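*Asks:* give me coordinates for this.
(one chain, ligands or ions: 2)
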Amino acid sequence: MRITIFGAGAIGGYLAAKLAMAGRVDLSIVARGAHLEAIRTAGLRLIEDGHESVASVRAAAQAQELGVQDYVVLALKAHSLAPALDQITPLLGEGTAVVTMQNGVPWWYFHKMGGSLEGTRLQAVDPGGVIWDRLGPDRVIGSVVYPAAEVDAPGLVRHIEGKRFSLGEPSGEKSERVTRLAEEMVAAGLQVPVRDDIRSEIWVKLWGNLSFNPISALTGSTLAAIAADEATRTLARIMMLEAQAIGERLGVRFPISVDRRIKGAGDVGEHKTSMLQDLERGRPMEIDALVTAVQELGRLTGQPTPTIDSVLALVRRLAIERGCYLI
Ligand SMILES: NC(=O)C1=CN([C@@H]2O[C@H](COP(=O)(O)OP(=O)(O)OC[C@H]3O[C@@H](n4cnc5c(N)ncnc54)[C@H](OP(=O)(O)O)[C@@H]3O)[C@@H](O)[C@H]2O)C=CC1
Ligand SMILES: CC(C)(CO)C(=O)C(=O)O
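*Replies:* Ligands and ions are numbered 1, 2, ... in the order given. Next up, the predicted model:
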């Protein structure tokens with residue numbers, strides 16, 4: 001099985017190291033810059049459970065060096081995907097599956113969903129529908145990424161917690177391609193349930209991200225602090241209820257209450273969200289996939305989002321001022 005992980009940063013690097021160490025698949029990564037050079041020179045280093053190991057991984061700067069794959073895992077930030085399309089397409093053949101490992105609303109959301117919005121391209125995550133047209137939604141296997149990881153230094157990924165990557169076909173089918181990939185990931189020591197309704201699970205993760213991430217960027221607060229402060233907890237809750245109304249109009253089943261989800265986010269502890277970390281590092285923030293796309297879904301379903309709109313206006317303005325927003 002030929003697998004290429006495109007964008008081997010924190011999450012892609014973690015997955016790559018686990019698959020490489022299991023040694024069962026023909027694995028490659030596409031990376032760039034100092035990270036690529038370090039991996040080529042000294043291997044992909046992973047710190048997990050206080051132990052450092054080194055994985056030997058084929059690492060390329062250009063997809064053309066690797067040829068057509070069975071699976072391409074996209075582990076880029078959502079805003080990095082459209083600019084990388086020319087580099088990704090050489091990996092795709094007729095039967096290549098593409099696994100999207102991003103937080104937020106995925107660009108393929110309305111593929112095989114049925115109903116009046118079937119086939120709708122989301123402008124917030126796929127302006128002009130170019131990702132949809134160039135990658136093709138029929139290739140897609142969706143996912144929800146639970147592990148937390150960071151790139152500590154070029155070539156060095158630190159796993160923080162979590163081993164679960166849920167997978168699911170947009171159609172809900174338990175296809176051979178999703179089952180086989182899940183088997184390989186499980187053999188690499190990961191927890192990989194195959195879901196028949198991956199969208200509902202995407203929403204539960206998104207629920208926390210669409211509220212806690214911008215609030216943390218605006219306030220500089222950790223998840224625990226936002227959940228403990230009555231005013232910010234209430235703000236998060238209102239945003240989440242607005243989002244829940246949109247999700248339910250789209251047929252999403254929320255298996256837990258909003259208060260349980262807030263408690264879950266707070267229990268993560270004194271942890272800075274990825275959006276706050278990106279702001280502090282001067283890196284582009286994933287505002288459009290986590291927040292703007294929810295606002296767009298609200299418009300599409302006729303569901304007002306006054307609080308999400310206000311928080312989005314503020315966090316986008318902040319990101320523009322700090323040079324952390326890709327337009
Ligand atoms: N990190 C985490 O704990 C979690 C992350 N997620 C989600 O997973 C997704 C990936 O996040 P994360 O792993 O943190 O992001 P990272 O920024 O750590 O990794 C993305 C990698 O892709 C690389 N990249 C971007 N464009 C290209 C390109 N054209 N060619 C080659 N490499 C490229 C980046 O390089 P460069 O650094 O040079 O830009 C970087 O190494 C996001 O949607 C995030 O929200 C979900 C759960 C937890
Ligand atoms: C930590 C967590 C779960 C916050 O909702 C996250 O996914 C992020 O920081 O992007």
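
*Asks:* C-alpha only now, for contacts and for neighbours.
*Replies:* Will do.

*Asks:* can you count the residues close to E184?
*Replies:* Number of residues near E184 (other C-alpha atoms under 10 Å) recorded here: 18.

*Asks:* ok so it is a strand residue?
*Replies:* No. Counting by DSSP: H, G, I helix; E, B strand; the rest coil, E184 is not part of a strand but helix.

*Asks:* ok, it touching D26?
*Replies:* No. Look at E184 against D26 with C-alpha atoms under 8 Å: they stay out of range, at 11.1 Å.

*Asks:* report the secondary structure state of the residue nearest to the spatial centre of the chain.
*Replies:* The centroid of the chain falls nearest to Q102 when counting by C-alpha atoms, centre = their mean (1.5 Å). Secondary structure state of Q102, per three-state DSSP, is coil.

*Asks:* quick check: it touching L76?
*Replies:* Yes. Counting by C-alpha under 8 Å, Q102 touches L76, with 7.0 Å between them.

*Asks:* all helices of the stretch 51-200 of the chain, in order?
*Replies:* All helices of the stretch 51-200 of the chain, identified by DSSP state H, counting those that start in this stretch, fall at 85-88, 130-135, 176-187, 198-219.

*Asks:* and for the stretch 201-327 of the chain?
*Replies:* Along the stretch 201-327 of the chain, the stretches classed as helices by DSSP H, counting those that start in this stretch are 223-228, 230-249, 258-267, 274-281, 287, 293-301, 306-321.

*Asks:* counting by contacts, list what the last one packs against.
*Replies:* Helices and strands touching helix 306-321, as assessed by 3 or more C-alpha pairs under 8 Å, 6 or more residues apart in numbering; DSSP states H and E, comprise helix 198-219, helix 230-249, helix 287.

*Asks:* may I have that helix as CSV, with CA atoms only?
*Replies:* What follows is helix 306-321, C-alpha atoms only, in CSV (Å, rounded to 0.1, in the frame of the first residue of the first chain):
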residue,chain,number,x,y,z
PRO,A,306,-25.1,37.1,15.5
THR,A,307,-22.6,36.1,18.2
ILE,A,308,-20.5,34.1,15.9
ASP,A,309,-20.5,37.1,13.5
SER,A,310,-19.3,39.5,16.2
VAL,A,311,-16.5,37.2,17.4
LEU,A,312,-15.5,36.4,13.8
ALA,A,313,-15.3,40.2,13.0
LEU,A,314,-13.0,40.7,16.0
VAL,A,315,-10.7,37.7,15.5
ARG,A,316,-10.3,38.3,11.8
ARG,A,317,-9.5,42.0,12.4
LEU,A,318,-6.9,40.9,15.0
ALA,A,319,-5.4,38.4,12.6
ILE,A,320,-5.2,41.0,9.8
GLU,A,321,-3.5,43.5,12.1
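
*Asks:* my guess is V140 contacts V99. True?
*Replies:* Yes. Counting by C-alpha under 8 Å, V99 is a contact partner of V140 at 5.8 Å.
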